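> Sharing a model that was predicted from the sequence below.
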Amino acid sequence: YYDVRQAVVALKSSKAAGAKSVADLRKVRLGAQVGTTSLEFINDLVKPETEPAVYQRNDFAKSALKNGQVDAIVVDLPTAFYITGAEVPEAKVVGQFPYSPDNPEQFGLVLDKESTLTPCVSGAVDALRKDGTLAALEKEWLSDAVDAPVLK
């Protein structure tokens, strides 16, 4: 129901903090959680010179970032804002990767399999998207997401 992008988080003092493009990220040590689209973005889009560090959980990736074991981590954009706003305030969102309309990544709502609520929830989300409410909520609560530079 909510389209998301992948983003780069780095300590403000890190050499990755000044990255302006995907090419700038190729020379820094990146990390991500195993089995995630974040790791796929590193491998498929960034193609770093150094093999990315891979962690079982984002908590381990955040610890590695704080301890200087990696220069930056890749996570989805809402998670990036939570990390920088609440967990690692000495970090910043360096930028976000371009949106791919051919292969969108989305957050969804989780219901029981074959839930009778699914049509109702889907209809409500579709209506919120159609009347602009989802976009307004994004602007109000994730306004920084609009301002985070897109890394090309």
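Cool, got the structure. Residues are numbered from 1 along each chain as shown.
> OK, contacts around the most centrally placed residue in the chain?
In the chain, the residue lying closest to the centroid (Cα atoms, centre = their mean) is D76, at 1.7 Å. For D76, the contacting residues are V4, R5, Q6, A7, T37, S38, E105, F107, by Cβ atoms under 8 Å, 6 or more residues apart in numbering. The way it works is simple: take the backbone N, C-alpha and C, and place the C-beta from them, glycine included.
> Just these: which are in strands?
Taking DSSP state E, the ones among those that sit in strands are V4, Q6, A7, E105, F107.
> measure the fourth one to Y99 for me?
Using Cβ to Cβ, to the nearest Å, one gets 9 Å for the distance from E105 to Y99.
> what about those two, which has more around it?
Neighbours of E105 and Y99, each counted by other Cβ atoms under 10 Å, are more numerous for E105; the result is 18 against 13.
> is it true that that one touches V4?
Yes. Using Cβ atoms under 8 Å, E105 and V4 qualify as a contacting pair, with a distance of 5.3 Å.
> Phi first, then psi, for the residue lying farthest from the centre of the chain.
Of all residues in the chain, T116 sits farthest from the chain's C-alpha centroid, using Cα atoms, centre = their mean; the distance is 31.4 Å. Backbone torsions of T116, given as degrees, to the nearest 10, read phi -70, psi -10.
> residues contacting it?
Taking Cβ under 8 Å, 6+ apart as the criterion, T116 is in contact with no other residue.
> Against S122, how distant is it?
For T116, the distance to S122 (Cβ to Cβ) stands at 12 Å.
> all helices for the protein, in order.
Under the criterion DSSP state H, helices of the chain are mapped to 22-25, 37-41, 58-66, 77-82, 118-130, 133-141, 143-147.
> of all those, which lies closest to L11?
Ranking the helices of the chain by their distance to L11 (criterion: Cβ to Cβ) puts helix 58-66 first, at 6.5 Å.
> Cool, thanks, signing off.
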